[in-house]
Structure formats: structure tokens, C-alpha cells
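S.K.: Sequence first, then the predicted structure, then my questions.
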Amino acid sequence: LGSRVLAAASGGEARRLAAAHDGTIDLLITDVVMPGMSGPELSKQLGAVSADLKTIYLSGYTDEALGHRGVLEPGVAFLQKPFTVEKFARKVREVLDARADRS
């Protein structure tokens with residue numbers, strides 16, 4: 001979709017890629033539930049390095065189920081699996097545009 005992507009297979013790998021990356025990282029797209037580290041924990045760790053980092057969470061669980069369990073904060077960007085490329089692209093644009101509107 002025209003963006004440069006750093007792909008990581010785990011939270012630890014994502015941290016290493018982010019630390020080695022020269023430029024800014026505008027958006028983190030992560031699953032909510034992962035082995036070893038949750039998506040919210042990864043977002044928090046990467047956000048400490050990049051204050052403007054925005055996150056889109058993905059999950060096969062519904063946002064209601066995750067919210068009731070206290071896994072996700074209210075109002076976070078969330079896409080429930082499965083989703084289409086078009087829906088994904090709209091969500092990415094929505095989150096990045098919201099970031100630009102606050103600048």
C-alpha cells in the first residue's frame with residue numbers, strides 16, 4: 001500500500017528491529033495476544049522510544065471480549081480477524097490521519 005514495512009515474527013524481534021531502524025516508526029500493527037509478550041506490552045515498550053507511535057491491534061477475539069478482560073484500553077484502534085485488505089487500508093489511513101490531525 002505504499003508504506004515501508006519492518007516485519008517481525010515476535011515481540012522481541014520487533015524491539016530489535018525498531019532499535020536498529022534509523023528512521024521514525026509511525027505505526028505498529030500487532031496482534032493482541034502473542035507468545036512471550038502481549039501486543040499492548042510491545043506497544044508500550046516501543047512507545048517509550050517513539051512518543052508519536054500509533055498502534056493498530058489485531059485479534060481473532062472480539063473487541064468486546066478483549067475490553068471486558070482488561071486487555072485493551074477503550075478507544076484503541078482495533079481490527080478483528082479476518083479482515084479484507086480494503087478494511088485494513090482504511091484503518092491504517094484512519095489512524096495515520098488522526099495522528100496528523102493532532103500535530
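M.R.: Perfect, I can see it now.
S.K.: For the longest helix anywhere in the chain, which helices and strands make contact with it?
M.R.: Criterion DSSP state H: the longest helix present in the chain is helix 85-102. With contacts taken as 3 or more Cβ pairs under 8 Å, 6 or more residues apart in numbering; DSSP states H and E, helix 85-102 sits against strand 27-31, strand 54-59, strand 77-80. In this view, the C-beta of every residue, glycine as well, is placed from N, C-alpha and C.
S.K.: so which of those strands is the most packed in?
M.R.: Ranked by mean neighbour count, the helices and strands packed on helix 85-102 are led by strand 54-59 with a mean of 20 (mean count of other Cβ atoms under 10 Å).
S.K.: Mind exporting the C-alpha coordinates of that strand to PDB?
M.R.: Only the C-alpha atoms of strand 54-59 are listed here, as PDB (Å, rounded to 0.1, in the frame of the first residue of the first chain):
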ATOM      1  CA  LYS A  54       0.400   4.800  17.000                       C
ATOM      2  CA  THR A  55      -0.800   1.200  17.200                       C
ATOM      3  CA  ILE A  56      -3.400  -0.900  15.500                       C
ATOM      4  CA  TYR A  57      -4.200  -4.100  17.400                       C
ATOM      5  CA  LEU A  58      -5.400  -7.200  15.600                       C
ATOM      6  CA  SER A  59      -7.100 -10.200  17.100                       C
END
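S.K.: Would you mind checking the average pLDDT for it?
M.R.: Taken as a whole, strand 54-59 has an average pLDDT of 93.
S.K.: again with stretch 94-103
M.R.: If you average the pLDDT over stretch 94-103, you get 73.
S.K.: picking that back up, okay if I get the helices and strands packed on helix 85-102 as TSV plus distance to Val5?
M.R.: TSV is the format used below for these (distance: least, Cβ to Cβ, whole Å):
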stretch	distance to Val5
strand 27-31	9
strand 54-59	13
strand 77-80	16
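S.K.: Can you check which of those strands gets nearest to Ala9?
M.R.: Of all the helices and strands packed on helix 85-102, it is strand 27-31 that lies closest to Ala9, at 11.2 Å by Cβ to Cβ.
S.K.: Please work out the average pLDDT along that closest one.
M.R.: 95.
S.K.: same check, this time on stretch 79-87
M.R.: The model assigns stretch 79-87 a mean pLDDT of 95.
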